[in-house]
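> structure, please.
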Amino acid sequence: MAERPEEYFWPAPDERRLLGTRISRLDGPVKVTGRAVYTYDVRLPDLLYARILHCPHAHARVTRLDVTKAKEMPGVEAVRVVSGEGSEIQWAGTEVAIVAATSEGAAGDALAAIEIDYEVLSHFVDDEDRVNAPGAREGDAAAEGDPDGAMAGAAVRHTGYYGIPRIAHNCLEPHGNVVRWDSDREVTAWASSQAISAQPNQFAQPLGLETSDVRVICEYIGGGFGSKFSVDRWGVECAELAREAGKPVKLMLERQWELTIAGDRPSAYAEVELGADATGRLVAWRSESWGSGGLGGSGSPPLPYVFAVPNRRHHHTSVPTHTAGARAWRAPNHPQACFITLSALDDLAAKAGHDPLVFLRHNLGFTGRLESIYREELSVADELFRWSDNWKPRPAAEQVGRWDDGPVLRGMGLAVHTWGGRGHRSNCELTVFPDGGVEVKMASQDLGTGTRTAIAIVAAETLGLPLAAIKVKIGDTRFPSSGGSGGSTTIGGVSGSTRRAAQNAVAELVARVAPELEAEPGDLEVREGAFGVKGDASRQLPWKKVAALVGPSSLTVRGENPGPGDLNDSGVGGVQMAEVAVDVETGIVRVERMLAVQDTGLIVDLKTAESQVYGGLIMGITYALCEEKVVDPATGRLLNVDFESYKLAGYADVGELSVHMMTGPGFDDRPVIGLGEPPVISPGAAISNAVANALGVRVPYLPLTPERVLDALARHGDDSWRTA
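I've put the predicted structure just below:
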């Protein structure tokens with residue numbers, strides 16, 4: 001066996017054939033033709049359908065539960081009690097019992113036959129009211145420098161109140177599983193999961209199995225956004241139902257419960273005071289924040305965001321509420337921190353009479369190693385968006401709510417953001433067959449971001465092959481394990497392990513090719529479709545003959561991430577600008593155009609990278625204008641439980657979107673960095689700042705609904721409305 005390469009590296013920019021080009025997703029045809037099989041689509045012989053009896057109360061105790069009649073209903077084959085008599089329910093939607101039957105209708109009839117009584121207990125669901133929140137947990141205050149002294153000496157100061165609510169993940173395919181017992185100790189689960197390699201152990205422990213007894217499959221997934229890392233209680237109960245019935249069971253959450261209990265992005269509210277000197281340089285920051293992601297409360301958003309103000313103090317209070325718990329939502333804590341910080345900075349700049357672009361540039365020294373990235377991105381954004389040519393100051397105080405040229409006012413706003421994105425642990429198995437075929441396997445999953453395509457690009461680039469020569473197999477735990485798709489870690493993880501595996505294959509093949517070309521292994525190079533001697537175009541072996549040298553079986557190698565060589569990096573910066581039109585008669589906000597300028601290191605597939613950013617912009621516009629979970633304070637139940645009442649932006653709401661990926665020296669000479677999270681961070685702040693620029697008054701809450709816009713105009717200059 002040949003030794004591994006001395007160095008693992010990405011090819012230089014002038015040596016890349018496929019990396020960084022625009023390549024369509026390999027799974028595009030099967031998706032658009034409906035041939036892709038999602039968990040929701042899995043059909044098995046004798047399949048049973050499960051439905052859940054959910055508790056309607058936010059806080060209650062089960063005093064009586066009788067499932068006898070349910071078990072006797074036609075078609076019912078298994079009933080499981082999840083929260084029995086005496087159980088304390090902590091949020092509306094908690095699973096009480098689950099029924100598996102031969103049809104969804106039969107399962108629904110059985111649920112209706114279950115007899116249950118509750119003792120309703122007091123509940124608390126108002127996450128903004130930290131003063132009256134039972135069990136509110138005070139966090140430690142983080143401080144640096146002398147914020148009080150610096151604030152007292154600031155030439156200009158601003159105090160603001162900002163709020164961003166809880167929102168749902170809104171996966172088009174809800175959470176759920178299809179589970180089949182293959183023997184008394186072997187289970188196969190088709191899971192809508194963004195972490196299939198982690199799920200065998202999550203199933204095995206509560207089921208009394210070994211991890212090796214569980215196989216998890218996820219060929220395609222209809223969205224996750226951070227909410228689908230766990231098998232959840234309903235996944236385990238689905239497996240128990242299948243064991244009890246002796247037949248496979250399908251359990252997928254219904255939409256109203258998907259919205260209610262499948263996870264929230266936590267809320268965040270903050271009172272902020274900040275100050276600058278006469279030149280506009282930040283000198284002080286003080287903030288008090290609080291929020292909730294359910295019974296567990298919430299973690300502290302990183303305030304101030306991006307800008308390490310020299311004299312700063314921040315304190316956070318976690319507010320528990322009787323609602324289902326938070327789950328990671330695309331860039332956890334960053335959209336909240338970005339909205340609060342960049343809104344406050346924009347308000348301070350307006351108070352000082354500064355263009356916010358000039359103001360941010362003046363303070364980029366507080367952004368550390370990202371300073372040079374932000375400076376270049378802001379210059380690019382300024383030119384592409386024509387900010388300096390078109391920006392106008394906010395209307396003067398006496399002009400707020402008034403107009404001369406019609407009721408539609410326009411404004412511009414901007415924001416900056418950052419994220420980590422270093423690749424996760426990943427193992428790749430690459431096989432070269434004697435006929436020249438190449439197969440890559442790993443137990444990763446494709447959230448729809450183009451993971452399959454990226455793996456194929458890296459393998460094809462390294463082996464000198466066309467993309468069509470690579471067969472990628474993922475989505476099955478029978479393949480080598482790979483990390484979950486979260487934290488923007490997937491692209492770095494899978495590309496790193498694939499590159500190392502492919503370079504290992506090259507080393508093995510070179511050792512076989514060298515004698516054929518009467519050369520030393522170190523004198524050979526990979527060419528497009530061939531291996532050859534460096535500097536001698538006439539001495540080469542085409543790929544088919546190279547592959548034939550592996551012998552009658554095949555050559556299989558592995559690659560890991562992390563590993564030797566500089567293949568991953570972390571820490572990106574991005575800039576976004578927005579222009580909005582606000583009708584001050586109706587309060588309706590329309591996004592006219594948005595620009596995203598984004599750094600992400602070496603780009604594997606430019607087309608899917610740009611697609612990620614477009615998706616982030618659209619998702620950001622949605623949470624800026626529409627999204628909010630509305631909980632009834634009297635009952636503790638979620639009121640907007642479907643896509644009719646839980647508003648999402650439509651095609652006509654997103655405006656003109658532009659994306660510019662930063663490449664060239666200082667950018668794509670960095671290794672691969674993840675991109676899923678960064679572009680969704682800034683839209684809330686950029687759009688809110690644009691609305692403030694148009695109106696001359698801050699709408700302090702997201703989403704920017706017509707009612708809130710009109711309220712902000714009516715209350716301009718009156719702070720008595722603050723309730724916190």
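
> phi and psi next, for S570.
Note on S570: its backbone torsions stand at phi -150, psi 160 [degrees, to the nearest 10].

> cool, T188 as well?
phi -120, psi 130.

> list the beta-bridge partners for it.
Residues in a beta bridge with T188, per DSSP bridges, are R180, R215.

> quick one: furthest residue from the center of this protein?
Largest separation from the mean C-alpha position in the chain: E518, at 51.9 Å (CA atoms, centre = their mean).

> where's that one relative to L524, distance?
11 Å (CB to CB, to the nearest Å). Every residue, glycine included, has its C-beta placed from N, CA and C.

> just to revisit the earlier point, surely the residue farthest from the centre of the chain is in a strand?
No. E518: not assigned to a strand; according to DSSP: H, G, I helix; E, B strand; the rest coil it is coil.

> do you know how far it is from K471?
E518 is 33 Å from K471, by CB to CB.

> next: A245.
37 Å.

> higher neighbour count, the two?
Shown here are A245 and K471; by other CB atoms under 10 Å, A245 has more neighbours (19 against 15).

> so the more buried one sits against T102, correct?
No. Checked against CB atoms under 8 Å, the pair A245 and T102 is beyond contact range at 10.0 Å.

> need the residues touching each of the two.
48, 77 (CB atoms under 8 Å, 6 or more residues apart in numbering).

> quick one: average confidence on stretch 659-668?
Average pLDDT, stretch 659-668: 95.

> just the endpoints, please. Distance across that stretch?
For stretch 659-668, the first-to-last residue distance is 16 Å (CA to CA, to the nearest Å).

> run through who's touching that stretch.
With CB under 8 Å, 6+ apart as the criterion, stretch 659-668 contacts 13, 20, 372-373, 376-377, 380-381, 384, 595-603, 606, 609-610, 613-614, 617.

> okay, buried residues for that stretch please.
For stretch 659-668, the neighbour count (16 or more other CB atoms under 10 Å) marks 659-663, 667-668 as buried.

> just give me the closest of those residues to V416.
M662 (13.1 Å; CB to CB).

> partner residues bridging R80?
Beta-bridge partners of R80, as defined by DSSP bridges: I98.

> OK, contacts around it?
R80 neighbours (CB under 8 Å, 6+ apart): 97-99, 237, 240-241, 244.

> just send the residues you listed back as TSV, with neighbour count too.
Listed next are these as TSV, based on neighbours: other CB atoms under 10 Å:
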residue	neighbour count
A97	24
I98	25
V99	29
E237	25
E240	19
L241	24
E244	15
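
> low-confidence ranges, this structure, go.
1-3, 717-724 (pLDDT under 70).

> could you rerun that using 90?
In the predicted model, the chain carries pLDDT under 90 at residues 1-6, 139-141, 396-406, 651-652, 715-724.

> can you give the domain ranges for it?
13-33+423-561, 39-122+175-252, 353-421+569-721 (automatic domain parsing).

> and the next element down the chain from the strand or helix carrying A596?
A596 belongs to strand 589-598 when assigned by DSSP states H and E. Using DSSP H and E, the helix or strand that follows strand 589-598 in sequence is helix 606-625.

> so that following helix versus strand 589-598, what angle?
Using axes from the mean of the first three to the mean of the last three CA atoms, to 10 degrees, the inter-axis angle of helix 606-625 relative to strand 589-598 is 140 degrees.

> and the residue nearest the centre of the chain, how far is that from I618?
Residue closest to the mean C-alpha point of the chain, counted by CA atoms, centre = their mean, is R330 at 2.5 Å. Relative to I618, R330 is positioned 12 Å away (CB to CB).

> next: R233.
From R233 across to I618, the span is 32 Å (CB to CB).

> more neighbours, those two?
For R233 versus I618, neighbours defined as other CB under 10 Å are more numerous around I618 (19 against 16).

> is it true that that one touches A649?
Yes. Counting by CB under 8 Å, A649 is a contact partner of I618 at 6.8 Å.

> what sits against A268?
Contacts of A268 (CB under 8 Å, 6+ apart): 163-164, 289-291, 298, 301, 333, 336-337, 339-340.

> which among those gets closest to I217?
Nearest to I217 among the contacts of A268: N333, at 32.3 Å, using CB to CB.

> what's the closest non-adjacent residue to that closest one?
Distances taken as CB to CB, 6 or more residues apart in numbering put P301 closest to N333, at 4.7 Å, once the chain neighbours are dropped.

> just V438 next, same as before
I470 (5.2 Å).

> number of residues surrounding the one you found?
Number of residues near I470 (other CB under 10 Å) recorded here: 25.

> V458 versus that one, what's the distance?
9 Å.

> anything in contact with each of the two?
Counting by CB under 8 Å, 6+ apart, nothing touches both I470 and V458.

> which parts of the stretch 151-300 of the chain are helices?
Along the stretch 151-300 of the chain, counting by DSSP state H, counting those that start in this stretch, helices occupy 199-207, 232-245, 255-261.

> could those helices go into TSV alongside distance to A150?
Written out in TSV, the entries for the helices of the stretch 151-300 of the chain read as follows (distance: least, CB to CB, whole Å):
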stretch	distance to A150
helix 199-207	49
helix 232-245	47
helix 255-261	45
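
> which among those is found nearest to R452?
Nearest of the helices of the stretch 151-300 of the chain to R452, taken as CB to CB: helix 199-207 at 19.5 Å.

> counting by contacts, list what the closest one packs against.
Packing partners of helix 199-207 (3 or more CB pairs under 8 Å, 6 or more residues apart in numbering; DSSP states H and E): strand 186-191, strand 214-217, helix 232-245.

> now with 6 Å, please.
strand 214-217 (3 or more CB pairs under 6 Å, 6 or more residues apart in numbering; DSSP states H and E).

> count the neighbours of the residue nearest to G294 when sequence neighbours are not counted for me.
Distance criterion CB to CB, 6+ apart; nearest residue to G294, sequence neighbours excluded, is G325 at 3.9 Å. Per other CB under 10 Å, the neighbour tally for G325 reads 17.

> I'd say G325 and G296 touch.
Yes. Using CB atoms under 6 Å, G325 is in contact with G296, at 5.4 Å.

> out of the helices of the stretch 151-300 of the chain, the one nearest G75 is which?
Evaluated with CB to CB, the helices of the stretch 151-300 of the chain place helix 232-245 nearest to G75, the distance being 11.4 Å.
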